[in-house]
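Enquirer: Build the 3D model from these lines:
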Amino acid sequence: MSQTTLIREVNKQQLLSGLTFKLKAYFSLLKPRVMSLSIFTSFVGMLIAPAESSIYSSCLIILAISIGSGASGALNMWYERDTDKLMTRTKDRVIPAGIIAPTNALIFGTSLSILSVTILYYVSNFLAACLLASTIAYYIFVYTIWLKKRTPQNIVIGGAAGAFPPMIGWAAVTGSLSYEPLIIFMIIFLWTPPHFWALALYKSNEYKKAGIPMMPVIVGSKKTLNMIVTYSFLLMPFTVGLGIFFSYFYTFSALILSIIFIFLSLKLKNTPTDDQNFEKKAQQFLYFSIIFLLNIFSILLIYSVFM
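Expert: Residues are numbered from 1 along each chain as shown. Okay, here's the model as predicted:
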């Protein structure tokens with residue numbers, strides 16, 4: 001191999017490596033873990049709906065919802081770039097780290113938002129497209145810009161954004177809404193505060209440093225723990241009550257999961273905040289809350305496929 005060919009090959013490899021790095025950086029803007037939850041819940045919403053959609057249409061619907069969720073994440077990270085610098089959990093994100101310019105992230109997120117709503121309108125219906133557009137707008141303007149740094153109720157009100165995907169999935173294949181997706185919306189809406197408050201309990205110093213008024217920062221750990229227990233009890237009737245529309249298997253499973261959820265919330269509440277195991281138990285509750293939601297939707301998925 002000649003020296004000129006070798007130099008070209010090295011330059012080519014460097015170019016590909018740089019392109020791969022940039023693609024990974026832009027993909028991280030989409031908040032893949034959050035996006036995966038939106039994909040899963042919207043997919044379940046589509047499957048349990050009393051209507052059918054072609055494989056082609058279903059794939060495009062999921063694609064549109066995925067892009068919309070990712071766009072929300074990108075715009076959220078663009079707006080919170082200065083706050084992210086102050087927190088250990090977020091300081092290495094691609095915008096505060098200087099890997100992606102804020103303007104590029106804004107253009108990226110805005111373009112994806114428009115693209116996602118357009119695709120969903122094209123492949124499904126006006127209602128689903130409006131719900132997706134409203135979800136993106138709600139997450140950015142209501143939660144991120146208006147609520148997050150102004151009130152400890154930020155995650156309570158803002159949590160509605162994360163509860164929309166199954167409704168969007170249902171509406172995309174039926175063109176309407178009914179009791180089932182509304183109850184599922186309430187399940188995610190009531191699940192969100194205790195889930196995020198558990199995280200805030202052992203990350204309160206970071207939230208305080210960043211100027212984010214999460215509940216433990218404003219009212220203290222004790223009141224936050226009381227509210228986690230309250231929401232755990234409020235969540236139970238919606239979670240179990242959804243079984244009216246499905247099966248005894250779902251109802252029994254949801255009841256067991258709800259009892260465990262409440263038990264762990266009470267166990268956490270009864271642990272002194274200065275106990276050396278408090279942070280560990282807060283993390284355990286946080287992890288189980290994820291398992292709880294994934295199991296609820298997995299059971300619904302099993303029902304839609306086999307029942």
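Enquirer: measure residue 174 to residue 202 for me?
Expert: 42 Å (Cβ to Cβ, to the nearest Å). In short, each C-beta sits where N, CA and C put it, glycine included.
Enquirer: between these two, who's got more neighbours?
Expert: residue 174 (21 against 18; other Cβ atoms under 10 Å).
Enquirer: Look at that one and report its pLDDT.
Expert: Turning to residue 174, the model gives it a pLDDT of 95.
Enquirer: Give me the neighbour count for residue 150.
Expert: 11.
Enquirer: Just give the nearest non-adjacent residue to it, would you?
Expert: Excluding the flanking residues, the one nearest residue 150 by Cβ to Cβ, 6 or more residues apart in numbering is residue 213, at 7.3 Å.
Enquirer: mind listing what the one you found touches?
Expert: Contacts for residue 213 (Cβ atoms under 8 Å, 6 or more residues apart in numbering) come out as 149-152, 154, 207.
Enquirer: could you redo the last one with a cut-off of 7 Å?
Expert: Neighbour list for residue 213: 149, 151-152 [criterion: Cβ atoms under 7 Å, 6 or more residues apart in numbering].
Enquirer: among these, who's most crowded?
Expert: residue 152 (20 neighbours).
Enquirer: Quick check: which element contains that residue?
Expert: Using DSSP states H and E, residue 152 sits in no helix or strand.
Enquirer: need the contact list for it.
Expert: 213-215, 218-219.
Enquirer: By neighbours, which of these wins?
Expert: The most crowded member of the contacts of residue 152, judged by other Cβ under 10 Å, is residue 215 (26 neighbours).
Enquirer: Would you check how far apart that residue and residue 104 are?
Expert: Distance from residue 215 to residue 104, by Cβ to Cβ: 34 Å.
Enquirer: still on that earlier bit, from residue 114, how far off is the residue nearest to residue 150?
Expert: Counting by Cβ to Cβ, the gap between residue 213 and residue 114 amounts to 32 Å.
Enquirer: From the contacts of residue 152, pick the one nearest residue 191.
Expert: Distance to residue 191 across those (Cβ to Cβ) is lowest for residue 215, with 15.4 Å.
Enquirer: wait, isn't that closest one in contact with residue 224?
Expert: Yes. Judged on Cβ atoms under 7 Å, residue 215 makes contact with residue 224 at a distance of 4.6 Å.
Enquirer: Need the residues touching each of the two.
Expert: Contacts common to residue 215 and residue 224, judged by Cβ under 7 Å, 6+ apart, are residue 197.
Enquirer: number of nearby residues for residue 44?
Expert: The criterion is other Cβ under 10 Å. On that basis, residue 44 has 23 neighbouring residues.
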